[in-house]
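**Student:** I would like the atomic coordinates for the input below:
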Amino acid sequence: MAAFRHPASQIVLPLSICAVVCVVFLIFFQVWVFEKKWQWVSVESESPVDPVRISNGMLFFRWVEEKAQQIDAAALNDTNARALWELKESLHRGLVCLQAGLDSEGIVHSRNPVTACLRKAFLNSDTQLDRISNGKTKRQHEDDSPPKEGMRTEDFRNEMRNLGEKLRQAVHFLEMKDTREQGVVQSKDDRTWFMSSLYGHPENGNPETFSFPSQQSRERLLCVQGRNTRDGTKNSYGFAWKDYLPLNATILPGITLVADNYYDYFNPWHSMTALLSFAAWRRENNCKSPRRLVLYHWGELVTDMGSWISNVLEASLGVRLQPDPLNYQQEIVCFEQAVVHRRGMAGMSLEKLKLVLNMVRCMVRKFCRVEAGRHFQGKLLTMNLTLLVRSGARGFKNESGVVTVIEKVCKNVEGCKFTVAHIANLSFCEQVELMSRTDVLITVHGAQMTNMMFMTTGSSIMEMFPKGWLEYAGNGQYIYKWLADWIGLQHEGTWRDPDGPDCPYPSTEQLRCFFVFKDSQIAHNETYLSAWLSQVLEKLEGRLRIAGDKDIPYSECPCE
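**Tutor:** Take a look at the predicted model:
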């Protein structure tokens with residue numbers, strides 16, 4: 001008759017061993033909590049070791065070592081007993097490593113971080129744990145041996161539960177806007193105040209992108225706290241493991257796009273340069289579509305954006321999005337997946353910029369059902385000339401006089417067609433249609449010029465400025481020259497109005513002088529404008545007959 005086997009001998013030991021495996025696995029997570037200010041983000045971090053963190057690390061090593069000691073070694077066969085001994089030796093090595101970071105008086109004299117000691121301790125731990133947890137025990141062959149309990153399974157469960165609660169409470173939130181850093185990013189190596197603990201550089205010509213969870217975040221989710229729309233220092237962010245989110249946190253499913261902008265999301269240029277980088281992300285990520293958009297301005301939550309950028313994003317991302325106000329029951333919100341862009345299109349290579357802008361132009365034209373390309377009437381090339389007029393500030397002093405000069409020149413050029421359009425009277429898709437058939441755009445410097453991104457490659461731009469911009473406007477006066485270069489347009493120079501009073505302030509006060517001239521009305525010179533336009537049309541005709549139509553047909557739009 002077979003010997004009776006107590007049920008506890010079959011379940012207590014395996015459960016205890018599994019619990020130890022969980023303890024050792026979770027030890028990595030708990031020690032990471034003590035890495036001050038998310039030091040994991042910067043691979044190049046060289047901050048000194050904190051004695052408190054070393055001390056905490058030692059306490060946790062001793063705690064796991066204590067649990068390992070409670071495993072009933074007598075119940076293991078020779079192979080598994082050897083693995084248990086090796087595990088205990090690993091713990092001892094980690095403890096020695098930590099102790100080496102402090103001298104007898106508790107002063108740091110080693111730069112080994114706690115995580116380095118963890119790696120040293122558990123270099124072979126996977127193999128050891130597998131051998132302990134998967135191997136057979138002596139008791140499976142010695143049925144008549146009396147059961148030996150070791151550590152109670154319920155005790156382990158309580159320890160794990162307590163450790164999980166500590167992880168929930170240990171999520172550290174940082175200010176969304178770090179006032180110690182500068183806000184305007186001048187180069188890819190400069191720090192920015194939005195989520196300043198993150199370190200990264202654009203790679204392979206793509207914009208700087210942070211994705212969470214990822215190896216970069218140790219697989220933690222991005223969480224944000226606060227909905228302040230006036231002070232970015234009162235909003236905060238942190239990182240937490242999905243199974244140990246902060247108490248009462250709301251988790252939002254799907255992909256969330258997160259951006260910060262130094263300017264605003266209503267001006268077409270400012271919003272385009274801040275958000276079209278997400279079109280680059282989509283192109284590089286199998287054309288995935290996001291579930292929501294979370295926007296910040298200086299770390300302040302933004303709950304609205306302009307209709308122009310809203311339409312461009314819908315066409316480019318394949319989904320209609322409005323900024324999420326984060327009005328959830330719980331103030332802490334965690335994202336199942338998050339993609340963070342802090343610099344917009346800054347840092348992208350010229351090659352990637354051209355690819356993304358061509359993609360957006362193609363998809364926006366399809367969104368608006370606008371036919372692309374130029375039209376020939378037999379052998380006659382039609383050249384469409386558009387005067388795009390701003391409303392309000394920075395307009396023409398004599399709009400009708402400008403129209404008269406352009407009409408006169410256009411009548412003398414075969415195939416020339418002239419249109420006057422006021423941007424304030426056009427819907428988004430009407431703007432797209434107008435720009436798609438415009439071969440020469442004449443307009444005053446301003447955000448309406450962002451629409452030139454919908455023009456056909458090889459078209460021409462004629463830009464006009466008020467007095468004072470050349471001396472006081474800085475690099476901002478060249479942005480549409482840059483955009484023309486990015487999308488393959490010909491920027492045909494500028495007209496700078498020389499008329500008007502000088503700046504009443506000293507020349508050293510450039511900003512005050514700039515605001516004197518910023519929104520001034522522009523006068524024109526009939527002789528100069530006529531000669532300038534005639535030259536542009538002559539060059540354009542020759543260029544277009546050689547180049548033809550190089551637009552991308554709808555059927556070849558990316559992500560379609």
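
**Student:** moving C-terminal of the helix or strand harbouring Trp269, what's the next helix or strand?
**Tutor:** Using DSSP states H and E, Trp269 sits within helix 268-275. Sequence order places helix 277-284 as the next helix or strand after helix 268-275, per DSSP H and E.

**Student:** so what does that next one touch, helix or strand wise?
**Tutor:** With contacts taken as 3 or more CB pairs under 8 Å, 6 or more residues apart in numbering; DSSP states H and E, helix 277-284 sits against strand 250-260, helix 307-317, strand 332-341, helix 350-367. Glycine gets a C-beta too; all of them are placed from N, C-alpha and C.

**Student:** Give me the packing partners of the second one, helices and strands only.
**Tutor:** Using 3+ CB pairs under 8 Å, 6+ apart as the contact definition, the elements that helix 307-317 packs against are helix 268-275, helix 277-284, helix 350-367, helix 428-436.

**Student:** buried residues in that helix?
**Tutor:** Neighbour counts over helix 307-317 (16 or more other CB atoms under 10 Å) mark Trp308, Ile309, Ser310, Asn311, Val312, Leu313, Glu314, Ala315, Ser316, Leu317 as buried.

**Student:** got the contact list for that helix?
**Tutor:** 265-266, 268, 271-272, 275-276, 278-279, 282, 289-290, 293, 320-322, 359-360, 363-364, 366-368, 428-429, 450 (CB atoms under 8 Å, 6 or more residues apart in numbering).

**Student:** could you give the angle of it to helix 350-367?
**Tutor:** In terms of direction (axes from the mean of the first three to the mean of the last three CA atoms, to 10 degrees), helix 307-317 departs from helix 350-367 by 100 degrees.

**Student:** for the first one, same thing?
**Tutor:** Between the direction of strand 250-260 and that of helix 350-367, the angle (the same axes, to 10 degrees) works out to 110 degrees.

**Student:** and strand 250-260, which strands flank it?
**Tutor:** strand 292-297 (parallel), strand 332-341 (parallel) (DSSP bridges).

**Student:** Out of these, the one nearest His524 is which?
**Tutor:** strand 292-297 (36.8 Å; CB to CB).

**Student:** any idea which helix or strand comes after that closest one?
**Tutor:** Past strand 292-297, the next helix or strand by DSSP H and E is strand 300-302.

**Student:** by contact count, what packs against that next one?
**Tutor:** strand 292-297.

**Student:** Please enumerate residues in contact with the strand it packs on?
**Tutor:** For strand 292-297, contacts defined as CB under 8 Å, 6+ apart pick out 176, 194, 224, 232, 235, 252, 254, 256-265, 301-302, 305, 313, 321-324, 326.

**Student:** Buried only: go through the residues you listed for me.
**Tutor:** Buried, going by 16+ other CB under 10 Å: 176, 194, 224, 232, 235, 252, 256-262, 265, 301-302, 305, 313, 321, 323-324, 326, out of these.

**Student:** And stretch 515-535, end to end?
**Tutor:** Stretch 515-535 stretches 33 Å from its first residue to its last (CA to CA, to the nearest Å).

**Student:** In it, which residues are buried?
**Tutor:** Val516, Phe517, Ser520, Gln521, Ile522, Ala523, His524, Leu529, Ser530, Trp532, Leu533.

**Student:** got JSON lines for the residues you listed, with pLDDT and secondary structure too?
**Tutor:** Converted to JSON lines, the buried residues of stretch 515-535 look like this (pLDDT from 0 to 100; DSSP: H, G, I helix; E, B strand; the rest coil):
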{"residue": "Val516", "pLDDT": "92", "secondary structure": "helix"}
{"residue": "Phe517", "pLDDT": "93", "secondary structure": "helix"}
{"residue": "Ser520", "pLDDT": "93", "secondary structure": "coil"}
{"residue": "Gln521", "pLDDT": "92", "secondary structure": "coil"}
{"residue": "Ile522", "pLDDT": "94", "secondary structure": "strand"}
{"residue": "Ala523", "pLDDT": "93", "secondary structure": "coil"}
{"residue": "His524", "pLDDT": "94", "secondary structure": "coil"}
{"residue": "Leu529", "pLDDT": "97", "secondary structure": "helix"}
{"residue": "Ser530", "pLDDT": "97", "secondary structure": "helix"}
{"residue": "Trp532", "pLDDT": "97", "secondary structure": "helix"}
{"residue": "Leu533", "pLDDT": "97", "secondary structure": "helix"}
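
**Student:** Let me know the closest of these to Lys408.
**Tutor:** Ser530 (7.0 Å).
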